[in-house]
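what shape does this take:
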Amino acid sequence: MGREKHYWLLKTEAGEWSWEDQAANGGLSNWDGVKNKQAQKNLKSMRLGDLCFFYHSGAKARRVVGVVSVVREWYSDGEDGGGLVDVKAVGEMRRPVDLKEMKGDVGLKGFALFRQPRLSVVPVPEDVWNRVCDLGGGFGEDVRGSGSEDDV
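Model prediction:
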């Protein structure tokens, strides 16, 4: 039996590793440098094919800008129990979805991103995933409405 797909949000400072860096790297990257134990636990829970929002954090821009897929599950980086996953770009959001917009959307109330704002790897429930995708008009091959339709 196949495992159902899970969804995540991966935060990165745009000045450290941006969506443009991800795309310029052939779409592939190691998602490493995660020190927080809860965030590491979330990384360890990721499975092949899980989808992740690529989220720019920082003072200038806090928004979902793209989607990546897990292409290699958790493996050790050899440093004090740390590890990483490998991800590949799936597609850029048709329209970035700002944190302020997400916080103002009734369908996203209670999202872990709002409750644990400093956590760098956040689980995303399927209904929240779908709503954020709707707000952003989809990504890559995923075509969505403008978010103004009755699809909440």
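
which one is Gly91 nearest to, not counting chain neighbours?
Among residues not flanking Gly91 along the chain, Gly140 sits closest, at 1.9 Å (Cβ to Cβ, 6 or more residues apart in numbering). (C-beta placed from N, C-alpha, C; glycine too.)

and what of Ser18?
Nearest to Ser18 is His56, by Cβ to Cβ, 6+ apart, at 6.8 Å.

just the helices from the protein, written as ranges.
19-24, 37-45, 99-103, 112-115, 126-135 (DSSP state H).

for the last one, buried residues please.
Neighbour-count burial for helix 126-135, with 16 or more other Cβ atoms under 10 Å as criterion, is recorded at 128-135.

also the first one?
By 16+ other Cβ under 10 Å, the buried positions in helix 19-24 come out as 19, 22.

so which elements touch that helix?
With contacts taken as 3 or more Cβ pairs under 8 Å, 6 or more residues apart in numbering; DSSP states H and E, helix 19-24 sits against strand 51-57, strand 63-76, strand 83-98.

mind checking which of those strands is nearest Arg3?
The minimum distance between Arg3 and these falls on strand 63-76, with 11.7 Å, by Cβ to Cβ.

which residues of this protein score low on pLDDT?
Residue ranges of the chain with pLDDT under 70: 1-2, 143-152.

same thing but at 80, please
1-3, 79-81, 141-152 (pLDDT under 80).

the residue nearest the centre of it: what's it in contact with?
Taking Cα atoms, centre = their mean, the centroid of the chain lies closest to Phe53, which sits 2.2 Å from it. By Cβ atoms under 8 Å, 6 or more residues apart in numbering, Phe53 lies in contact with 7-10, 64, 66-67, 124, 129, 132.
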